[in-house]
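**Q** A predicted structure for the sequence below; I have some questions about it.
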Amino acid sequence: MSILDNFSGFIFGMECLGCGNPSGNLDPWLCPACRAELNRLSASSCSPSVDVFCLFPMRPLTRHLVHALKYKSIPGMATYLVKHSAARTDFCIGQELALLPQPLFFVPVPIHPARLRERGYNQAEKIAEALALVCGGRVCRWLRRKTFVVSQTKLSREQREWNVAGAFECRLPSKPPSRGTVIVVDDVYTTGATTASCLGMFGPDFPLPLKVCTLLFEEPATAAADFAADQRAGWEYG
């Protein structure tokens with residue numbers, strides 16, 4: 001076992017962050033079974049539109065890992081997830097990103113300074129850094145959060161839109177780029193209210209293509225129910 005594995009085990013325990021079961025074969029966070037499940041989910045990535053790239057569907061495993069990224073002080077989870085995701089060049093999303101006008105400018109959704117002090121880092125910025133490393137491109141902090149908003153987690157679509165209305169502002173460099181693609185980066189895409197608010201800050205005359213990339217896509221309840229039913233059927237009859 002490597003020094004990193006020993007250190008991770010000391011800090012986080014020898015339990016898999018996916019299933020919670022003890023394991024002596026973590027990598028350093030997932031057991032072999034959960035790692036295989038994560039790889040399977042990366043191949044079944046889905047997105048709500050052609051302008052939005054979501055690297056994993058929202059499932060119990062991916063939800064646990066993003067929760068660890070945001071609330072358990074594990075910023076390295078962003079790089080881990082991106083490197084195991086559909087953003088790799090041998091997967092469809094990685095190939096689609098490679099076909100976009102280059103270079104790629106990854107713009108993280110900002111968090112309020114108060115939350116940044118509490119958490120110690122912006123998870124969207126860590127995701128953007130990992131995407132730039134895997135896909136090529138650079139991280140650009142062109143958005144700033146003006147207001148502190150409540151968590152979007154339990155809000156309806158309309159409430160989410162009101163919650164982030166006017167929350168951001170765009171601060172482009174004095175000499176904006178003349179070519180390439182801007183990709184707004186966040187952790188989870190649910191209704192798209194947050195990223196839509198961010199995209200709107202670039203204005204209707206912004207000359208470059210605007211896209212969105214998130215780690216997770218929280219599918220509508222009906223799609224999630226269908227997936228659960230398919231999984232049960234496969235278990236019963238497969």
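**A** In hand now; what should we look at? Just so it is clear, the model here is predicted, and its values are computed rather than measured.

**Q** residue nearest the centroid of this protein?
**A** Nearest residue to the geometric centre of the chain (Cα atoms, centre = their mean): residue 215, 2.4 Å.

**Q** Could you confirm it falls within a strand?
**A** Yes: judged by DSSP: H, G, I helix; E, B strand; the rest coil, residue 215 forms part of a strand.

**Q** quick one: contacts for it?
**A** Residue 215 sits next to 54-56, 62, 66, 78, 81-82, 85, 127, 187-188 when contact means Cβ atoms under 8 Å, 6 or more residues apart in numbering. (Glycine included, C-beta is placed from N, CA and C.)

**Q** Please tell me I have it right and residue 91 contacts residue 43.
**A** Yes: if you go by Cβ atoms under 8 Å, residue 91 and residue 43 touch, sitting 7.0 Å apart.

**Q** before we move on, back to that, from the contacts of residue 215, which would you call buried?
**A** 54-56, 62, 66, 78, 81-82, 85, 127, 187-188 (16 or more other Cβ atoms under 10 Å).

**Q** Make a markdown table out of the residues you listed and add distance to residue 178.
**A** Shown next, in a markdown table, are these (distance: Cβ to Cβ, whole Å):
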| residue | distance to residue 178 |
| --- | --- |
| 54 | 29 |
| 55 | 29 |
| 56 | 33 |
| 62 | 37 |
| 66 | 35 |
| 78 | 30 |
| 81 | 32 |
| 82 | 28 |
| 85 | 30 |
| 127 | 26 |
| 187 | 30 |
| 188 | 32 |
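
**Q** Mark which of these are part of helices, please.
**A** 62, 66, 78, 81-82, 127 (DSSP state H).

**Q** Export those to JSON lines and append columns for distance to residue 182 and pLDDT.
**A** Output for those, formatted as JSON lines (distance: Cβ to Cβ, whole Å; pLDDT from 0 to 100):
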{"residue": "62", "distance to residue 182": "25", "pLDDT": "97"}
{"residue": "66", "distance to residue 182": "23", "pLDDT": "96"}
{"residue": "78", "distance to residue 182": "20", "pLDDT": "98"}
{"residue": "81", "distance to residue 182": "22", "pLDDT": "97"}
{"residue": "82", "distance to residue 182": "18", "pLDDT": "97"}
{"residue": "127", "distance to residue 182": "15", "pLDDT": "98"}
